[in-house]
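Whatever this is, show me its structure:
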Amino acid sequence: MTYLRKAAAALSAAAAMLIATPPTASATPTPHDMHGGIFVKENFNRLPLGPVTGGRGWTTDTANGSLSVERAADGRGRELRIRTEGNGRAFMVFPDLAPPGNSLWARIRLRVDRFPMRPDWAHWTLAEASGSDSPTLVRPLGGQYAPTDKGNFYGVGSDLGPTGDWTNWRTSAPAVDGAWTCAEFHLDATDNRVTVYLDGVAQPDLTVSTKQHGGTADDFVFPTFDKLKLGWQLYQADPSPSSYDVRMDDIALSTRRVGGCGS
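Numbering: from 1, shown residues only. Next up, the predicted model:
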């Protein structure tokens with residue numbers, strides 16, 4: 001079942017039922033419920049091995065980057081490999097998204113082979129949500145290399161809107177090279193709030209909302225979401241390392257928390 005506008009006519013009955021679900025649903029995960037509330041699910045196991053330009057309900061966006069389906073390192077199933085050169089980008093894109101109440105939960109398992117170590121303040125994005133009614137880009141999952149703390153740290157960010165270009169990274173959420181992370185985020189339009197969980201653990205330091213964020217004194221306001229991008233983009237030229245290798249798997253978008261990340 002999907003909330004993509006392309007399928008709205010065919011799934012009107014199911015959509016009507018799910019739209020009744022409140023956007024501020026309980027944060028209690030339901031790791032074994034793989035149908036209730038979930039409108040996108042992708043584990044790549046049904047896709048052929050090799051380069052990929054799209055799947056069921058998603059397309060790709062690349063520049064100096066590529067996406068391919070490969071066997072999982074543990075031999076169980078398949079996963080998406082994302083590779084970029086320099087400050088390239090490579091995303092899987094869920095277009096024509098229309099989450100009820102303009103709110104959604106996402107879960108992604110991911111691994112970044114190596115995070116950037118140069119230049120100082122190198123900024124990277126793993127998820128970006130947007131809408132055609134506003135220039136605001138909401139980046140619920142990304143981060144930055146902070147030379148002051150000699151590491152990369154996860155952070156929520158935004159760009160092109162009234163609050164400016166910002167990444168609200170925190171040292172309490174370190175990004176570790178080569179480690180699998182189960183990341184969850186909630187876009188809650190009731191207060192333009194973004195909350196993040198890493199490996200099942202809430203990251204309150206990363207929470208942003210209408211009045212509390214990392215930008216100007218203006219209100220942070222969501223666009224009407226119609227697109228979500230998952231992948232990798234680095235914005236600075238001549239980074240070190242010069243290329244990036246990211247793996248993603250077990251992606252789910254839902255009207256309520258999917259869970260399955262541990263705690």
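
my guess is W180 meets V112, correct?
No - with contact defined as C-beta atoms under 8 Å, W180 does not reach V112; the gap is 9.8 Å. (Each C-beta comes from the backbone N, C-alpha and C, glycine too.)

in the stretch 151-263 of the chain, which spans are strands?
Secondary structure of the stretch 151-263 of the chain (DSSP state E, counting those that start in this stretch): strands located at 151-159, 166-174, 181-188, 193-198, 201-202, 227-234, 243-254.

out of W180 and V112, which sits in the more crowded spot?
Neighbour count, other C-beta atoms under 10 Å: between W180 and V112, V112 has more, with 24 against 14.

Quickly list what that one is bridged to.
V112 has these beta-bridge partners by DSSP bridges: V246.

Likewise for A127?
According to DSSP bridges, beta-bridge pairing links A127 with L141, L230.

Report the contact partners of the residue most central in space within the chain.
The centroid of the chain falls nearest to A127 when counting by C-alpha atoms, centre = their mean (3.0 Å). By C-beta atoms under 8 Å, 6 or more residues apart in numbering, the residues touching A127 are A106, I108, R139, P140, L141, G142, F185, L228, K229, L230.

Tell me the predicted confidence for it.
pLDDT, A127: 98.

ok, it to L47 distance?
The spacing between A127 and L47, counted by C-beta to C-beta, to the nearest Å, is 20 Å.

Turn the contacts of A127 into CSV, including neighbour count.
Compiled in CSV, the contacts of A127 are given as follows (neighbours: other C-beta atoms under 10 Å):
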residue, neighbour count
A106, 23
I108, 22
R139, 26
P140, 26
L141, 26
G142, 23
F185, 24
L228, 24
K229, 24
L230, 25
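
Looking at those, which one is closest to R83?
L230 (14.8 Å; C-beta to C-beta).

Okay, now the unreliable bits of the protein?
For the chain, residues meeting the criterion pLDDT under 70 lie at 1-36, 263.

any idea which strand is longest in it?
In the chain, with assignment by DSSP state E, the single longest strand is strand 78-94.

How far does that one sit from its chain's centre?
Its chain's C-alpha centre and that of strand 78-94 lie 12 Å apart, by C-alpha atoms, centre = their mean, to the nearest Å.

again with stretch 111-123
17 Å.

just the CA coordinates of it, formatted as CSV?
C-alpha atoms of stretch 111-123 as CSV (Å, rounded to 0.1, in the frame of the first residue of the first chain):
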residue,chain,number,x,y,z
ARG,A,111,26.7,2.2,7.0
VAL,A,112,29.1,4.9,5.8
ASP,A,113,32.6,3.4,5.0
ARG,A,114,34.4,6.6,5.9
PHE,A,115,33.1,10.0,6.9
PRO,A,116,34.9,13.2,5.7
MET,A,117,38.0,14.5,7.5
ARG,A,118,38.6,17.5,5.3
PRO,A,119,37.8,20.3,4.7
ASP,A,120,36.9,21.6,8.2
TRP,A,121,33.2,21.7,8.7
ALA,A,122,32.5,19.3,5.8
HIS,A,123,28.7,18.9,5.6
